[in-house]
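Q: A structural model of the following input is requested.
(2 chains)
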Amino acid sequence: MGMKIYIEHLERDLGRWILAEYRSSYRLAGEMLTITGIEIPGLPSTRKRFYELVEPLKAIILDPQAPEELKPEDLRGYEAIVIGGILGAHPPLGRTKKLLSERFPEAAKRNIGEHPFPIDASVYMALEVIRGKRIEEIPVALGLIIRKRIGNIEHEIELPYAYPIVNNKPLISEEVLQIIVGRGEYELIFNPVPAI
Amino acid sequence: MSSYATISPQVSITFADVKLPSTLVNTLKGLVDEVLITVDSGGFRLAALDPARVSMLVMEIPASAFLELRVDKELTIGVSMQSLELTVEAARKTDKYVLMSDGEFIEVVVEGLPTRRYKFRSIEVPKEIPSIDVQYDVDATVGLDPFKVAIKDISAIGSYALFKAEDEETLQIMEASTKRGLARLSRSSGSLIDLRLSKPSSCSYEISYIDKALTLAKLASQLQLSFSSDSPLKMIFPLAMGGTATFYLAPQVS
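A: Numbering: from 1, shown residues only, chains lettered A, B, ... in the order given. Below is the predicted model:
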C-alpha cells in the first residue's frame, strides 16, 4: 500500500480560507489525500479521525516543534503522514503539538523546517519528501508580501508562513489569494531561501 | 516581519485591538470626509466636523490608554475618511492596530493573520476646529441602554427629538413635532443617574445624528448630556479605555 497523507481537521469551523487550502491540497496530492474529522462534499474526506484509519504507530505527524526533520528514509515502515488541519496563528500557538503530537506519543514526529507552513504547502513538502527529495533541497520563501494599490493607498498584506517555491513562484492557491486580496491587480514579493 | 514601518515615524500609537478605530469609523462614516488627528506625549486627539457643520466629534484619549504611544515630535495630521475606512475593513476584532506618521505620510499596520499595512498621504484639513463655548442649563448623566431605547422609539415616529428638563428628577425625550413617544428618564427608575439644572430648558435635535453618535456607546458605559434652549446638544461618552468622546449637535432650526 502506498503512503497516504491525512489532514486531521482540528478547527471548530470550516472557514473559506481553510477550505481553499484543503482544495489546493487535493489538487496537489490527489487520491493520496484524505481529510479526516470532517466530511466535505467534493473532497476525499471522512468524519473518522486519522487514528481510526491508520495505527498511530504507523503514522508520522508533521509538527514544526518536532526535533527531527522529515527525511525520505524515515518513511520506511510507515503508512501515513499526518498534517494538522489548523489555520495558523501569528505568533504560532503550537497547536499541532498540543492537539496531535502530545495525544499520540506512539506516532513518529518530524518537522519540515522550523517555520510554519500553510496546510497545502505542508502537503507539497510531504509529497516532495515521498518522491525522495530532502527538505534542504526544496527552496521556500519565508514570508510573503502581497502588494496592491487601492486608489492613492499603498496596501500590503503580509503572510508570515513559509511557502515552497514552485516554478519560481511561492505555492499559494489562486483561491486563497482571492480570499485575502480580493479583486484587482497585485504583486507578490518574496525572498527564496533553503527551508533549513 | 510585521513590526517594521516603511516611513520614519515621528508618532506611533498602538491600539490593543481594532475596537476603537472601527467604532470611530462606523460613527463617522457618511458623516464627515476627513478627520484631524493630533498626537503629542499626552495622548491622542481627534476632531471631525461634518461638511454641513451640523455636528462635530472630538475624541481625547490619554497616552496611558494605549498599548504604546511614541512621540518624537507633536504632529497634527489630516486623514481622509476613505483611507481610514479601508484600514478597518478587513480587520479582525483581535488584531492590533498601529497608526504611525512622519507628517507627510500615514502608515497603519493592522497586525493579525494576515498583517495588513496601509500607507497614504496626510491631507490638508483646516486646523481651526470651531470652539463651542456654551453655558449649558442642563447637565444629565443617563444610562446608555434606556437612552438608546428612547431614541430608537422616537426615530420610528419622526426625525427630531425634543429634550426637555423642568426639574432635577426627570429628563423627558419625545418626538419634537407630535410630542409622541415620550420617554421619561428618571432617578427613581435608575435610567437617570444625575441631573443638574440651572434653568428649565427644552430643545430639539435631529435623530439621525444622535443615532450615529450612539455608535460610540460600544466604548462607554454611560452618557453625559448637556443642553439648553436653542443650544447645541453635547453628548460626552466617557471611554472605558480612558478619555472621552464628545459629540456636538446643532439644534433644530425652527
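Q: for the spatially most central residue of chain A, what are its contacts?
A: Here the mean C-alpha position of chain A is nearest to the C-alpha of A:Ile119 (C-alpha atoms, centre = their mean), at a distance of 2.2 Å. A:Ile119 sits next to A:7, A:18, A:21-22, A:25, A:83-87 when contact means C-beta atoms under 8 Å, 6 or more residues apart in numbering or on different chains. The C-beta positions use only the backbone N, C-alpha and C, and glycine is treated the same way.
Q: Tell me the first helix or strand C-terminal of the worst-scoring helix or strand of chain B on mean pLDDT.
A: Taking mean pLDDT, DSSP states H and E as the measure, the helix or strand of chain B with the lowest value is helix B:19-28, at a mean of 92. Tracing the chain C-terminally past helix B:19-28 and defining elements by DSSP states H and E, one meets strand B:34-40 next.
Q: Give the partner strands of whichever helix or strand comes after that next one in its sheet and their orientations.
A: Following strand B:34-40 in sequence order, the next helix or strand is strand B:43-49 (DSSP H and E). Strand pairing for strand B:43-49, determined by DSSP bridges: strand B:34-40 (antiparallel), strand B:55-62 (antiparallel).
Q: now those strands in CSV, with mean pLDDT?
A: Shown next, in CSV, are the strands paired with strand B:43-49 (pLDDT from 0 to 100):
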stretch, mean pLDDT
strand B:34-40, 96
strand B:55-62, 95
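Q: can I see the domain layout of chain A?
A: Split into domains by automatic domain parsing, chain A comes to A:4-137, A:139-194.
Q: nearest to B:Leu57, of the ones you listed?
A: Proximity to B:Leu57, assessed across the domains of chain A by C-beta to C-beta, is greatest for domain A:139-194 (23.0 Å).
Q: Buried residues, stretch A:144-154. List them.
A: A:144-148, A:153 (16 or more other C-beta atoms under 10 Å in any protein chain shown).
Q: number of nearby residues for residue 191?
A: In the absence of a named chain, chain A is used. Using other C-beta atoms under 10 Å in any protein chain shown, A:Asn191 is surrounded by 11 other residues.
Q: hm, I was asking about chain B
A: Neighbours of B:Ser191 under the rule other C-beta under 10 Å: 20.
Q: For B:Arg184, see how far away the residue of chain A most remote from its centre is.
A: Distance from the centre of chain A peaks at A:Asn152, with 35.4 Å (C-alpha atoms, centre = their mean). Using C-beta to C-beta, to the nearest Å, one gets 50 Å for the distance from A:Asn152 to B:Arg184.
Q: With A:Gly151 instead?
A: Counting by C-beta to C-beta, the gap from A:Gly151 to B:Arg184 is 49 Å.
Q: what's the answer for B:Met235, then?
A: Taking C-beta to C-beta, one finds B:Met235 at 19 Å from B:Arg184.
Q: More neighbours: those two, which one.
A: Counting neighbours by other C-beta under 10 Å for B:Met235 and for B:Arg184 shows that B:Met235 has the greater number, 26 against 17.
Q: Double-check the more buried one against B:Ala213; I have them as touching.
A: Yes. If you go by C-beta atoms under 8 Å, B:Met235 and B:Ala213 touch, sitting 5.4 Å apart.
Q: Identify the contacts common to these two.
A: B:247, B:249.
Q: how many neighbours does residue 30 have?
A: I went with chain A, as the question did not name one. Residues near A:Gly30, counting by other C-beta under 10 Å, number 11.
Q: that answer is for a different chain, and I need it for chain B
A: For B:Gly30, the count of nearby residues is 12 (other C-beta under 10 Å).
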